[in-house]
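Visitor: Build me a model:
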Amino acid sequence: MTSTPHTSTTMTYSFRLRPRQDLKKELAFYCQQHRLHAATILSAVGSLSHARLRLANSKEGKDFSGPFEILSLNGTLSLEGVHLHVAISDSEGQVIGGHLLDGCEIYTTAEIVLLENKDLVFERQQDGHTGYKELFIKNK
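Guide: Take a look at the predicted model:
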């Protein structure tokens, strides 16, 4: 199924998270605080002292002890919640990635740039095929 394209004016937001903050919780809080209805991660670099991820085809989260470098962080954010995936590497250069869960603690920093789609709203609606609340995009 192809989806209808949505166009929008955009605005960027840049900020930095500090040691011991929870990456996912802080991103969700930022969306609430700034009333972001449809945002995406444009850039994210930094490090984690601890990671909690849900790996592919798994129902449960898994904990990893760091430190880790954040190689990639992708996803959608809105007032209704966030859906984020992360790739991280350890001190040996081994990479692990998955669905970002609460409990990912910033080690030194996380430099974040978000792109807000000013004319859109990202909603989460239950999808009968996947069993999850999936992204639904609408115009404001």
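Visitor: how about the strands of the protein, start to end?
Guide: 10-17, 39-54, 62-78, 81-89, 95-100, 105-117, 120-126, 133-139 (DSSP state E).
Visitor: wait, which of those strands is closest to Ala28?
Guide: Ala28 lies closest, by Cβ to Cβ, to one member of the strands of the chain: strand 81-89, at 5.2 Å. (C-beta placed from N, C-alpha, C; glycine too.)
Visitor: Please tabulate the strands of the chain in TSV, including the columns mean neighbour count.
Guide: As requested, those are arranged in TSV below (neighbours: other Cβ atoms under 10 Å):
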stretch	mean neighbour count
strand 10-17	13
strand 39-54	19
strand 62-78	17
strand 81-89	19
strand 95-100	18
strand 105-117	18
strand 120-126	16
strand 133-139	14
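Visitor: Out of the helices and strands in the chain, which is least certain?
Guide: Lowest mean confidence among the helices and strands of the chain (mean pLDDT, DSSP states H and E): strand 133-139, at a mean of 91.
Visitor: Any idea which residue is closest to the centre of the protein?
Guide: In the chain, the centroid-proximal residue (Cα atoms, centre = their mean) is Leu84; its distance is 3.1 Å.
Visitor: and that residue, bridged to which residues?
Guide: Gly75 (DSSP bridges).
Visitor: ditto for Arg16
Guide: Glu111.
Visitor: And it, what's its pLDDT?
Guide: Note for Arg16: predicted pLDDT of 98.
Visitor: try Ala44
Guide: The score at Ala44 is 98. That number is its pLDDT.
Visitor: just Thr40 next, same as before
Guide: You'll see Thr40 listed with a pLDDT of 97.
Visitor: do Gly131 as well
Guide: Looking at Gly131, its pLDDT stands at 86.
Visitor: Next, give phi and psi for it.
Guide: phi 80, psi 0 (degrees, to the nearest 10).
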